[in-house]
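Trainee: What follows is a protein structure lacking sequence information:
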């Protein structure tokens, strides 16, 4: 199975997002209402994605292969809000140690997958 990353398509996504935002803004009566509503929606999407990245980095979901969407969604609302506060201090002040632990867990998982 080939892993596909969409990072190289970011410019296309930005263009699509800008067209979407322009058309969505036309649905509002005032510019202020459009900016407020669309900013809030985008902030929610950014927060959702940041929590999803946290789950991946903290190994709350498998870093490789398929994930359970039910588990991921439950984690988004129940597990991540509690754990993110604990790990935020580590991320800000002890990032090197935190990244080493994540890498060690990733290596251990790779070893378990490759073991017969």
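Mentor: That came through, no problem. Note that the structure is predicted; figures quoted are calculated from it, not measured. Numbering: from 1, shown residues only.

Trainee: And the helices in this structure?
Mentor: 10-25, 31-57, 69-74, 80-93, 95-114 (DSSP state H).

Trainee: Present those as JSON lines; the columns should include mean pLDDT and mean neighbour count.
Mentor: (Glycine included, C-beta is placed from N, CA and C.) What follows is the helices of the chain, written out as JSON lines (pLDDT from 0 to 100; neighbours: other CB atoms under 10 Å):
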{"stretch": "helix 10-25", "mean pLDDT": "93", "mean neighbour count": "11"}
{"stretch": "helix 31-57", "mean pLDDT": "92", "mean neighbour count": "13"}
{"stretch": "helix 69-74", "mean pLDDT": "92", "mean neighbour count": "12"}
{"stretch": "helix 80-93", "mean pLDDT": "83", "mean neighbour count": "12"}
{"stretch": "helix 95-114", "mean pLDDT": "81", "mean neighbour count": "11"}
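
Trainee: Serialize those to a markdown table and add fields for distance to residue 63.
Mentor: Shown next, in a markdown table, are those (distance: least, CB to CB, whole Å):
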| stretch | distance to residue 63 |
| --- | --- |
| helix 10-25 | 22 |
| helix 31-57 | 6 |
| helix 69-74 | 13 |
| helix 80-93 | 16 |
| helix 95-114 | 6 |
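
Trainee: mind checking how far the closest residue to residue 76 other than its chain neighbours is from residue 13?
Mentor: Excluding its sequence neighbours, the residue lying closest to residue 76 (CB to CB, 6 or more residues apart in numbering) is residue 51, at 5.3 Å. Residue 51 sits 20 Å away from residue 13, going by CB to CB, to the nearest Å.

Trainee: swap in residue 83?
Mentor: 29 Å.

Trainee: which residues sit in contact with residue 41?
Mentor: By CB atoms under 8 Å, 6 or more residues apart in numbering, residue 41 lies in contact with nothing.
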